[in-house]
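1. Here's my sequence, what's the structure:
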Amino acid sequence: MTEFLLGASAFVLLTVAVGLICILRGPDDVDRMMSVQLFGTAGIAALLLLGAAIGAEAVVDLALILAVLAAFAALAFVKAGSRPGAVHTEPEDRA
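-> Sure thing, here's the model as predicted:
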């Protein structure tokens, strides 16, 4: 069972690598934020799988702390994006 959990953790980390490419090359801020959320969620999943595989409760606690921080980061992004003037638009041509 330990091998399966470690393999699943490696697969999750592979999806994080793909998400990292989206963070770096994302066409829009929203796409980048969704990739960061994927990064946080996959990191939490990988830590939980790793903690279950090796039997370390401290790793599970770390994953739960990361989950709380990821939720606060999403709220901060939404709040920053909802302010007036926060949306970047192209200026209109008035020629």
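2. element containing the nearest residue to Phe77 once chain neighbours are set aside, please.
-> Take Phe77 and drop its neighbours on the chain: the residue closest to it by C-beta to C-beta, 6 or more residues apart in numbering is Met33, 5.2 Å away. (C-beta placed from N, C-alpha, C; glycine too.) Assigned by DSSP states H and E, Met33 falls within helix 29-54.
3. pretty sure Leu38 is touching Val12, no?
-> No. Assessed by C-beta atoms under 8 Å, Leu38 is found out of contact with Val12, at 10.4 Å.
4. Just the buried positions in the helix holding Met33, please.
-> Neighbour counts using 16 or more other C-beta atoms under 10 Å place 32-53 of helix 29-54 among the buried residues.
5. next one: stretch 4-22
-> Applying 16+ other C-beta under 10 Å to stretch 4-22 flags Leu5, Ala8, Ser9, Val12, Val16, Gly19, Cys22 as buried.
6. Just the C-alpha atoms of it, please, in CSV.
-> Output of stretch 4-22 as CSV, limited to C-alpha atoms (Å, rounded to 0.1, in the frame of the first residue of the first chain):
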residue,chain,number,x,y,z
PHE,A,4,0.7,2.9,-4.2
LEU,A,5,0.5,6.0,-2.0
LEU,A,6,4.0,7.1,-3.0
GLY,A,7,3.2,6.6,-6.7
ALA,A,8,0.0,8.6,-6.4
SER,A,9,2.0,11.3,-4.7
ALA,A,10,4.4,11.4,-7.6
PHE,A,11,1.6,11.6,-10.1
VAL,A,12,0.1,14.5,-8.2
LEU,A,13,3.5,16.3,-8.2
LEU,A,14,3.6,15.7,-12.0
THR,A,15,0.3,17.6,-12.3
VAL,A,16,1.9,20.4,-10.3
ALA,A,17,4.7,20.6,-12.8
VAL,A,18,2.1,21.0,-15.6
GLY,A,19,0.3,23.7,-13.6
LEU,A,20,3.6,25.5,-13.1
ILE,A,21,3.9,25.9,-16.8
CYS,A,22,0.4,27.5,-16.9
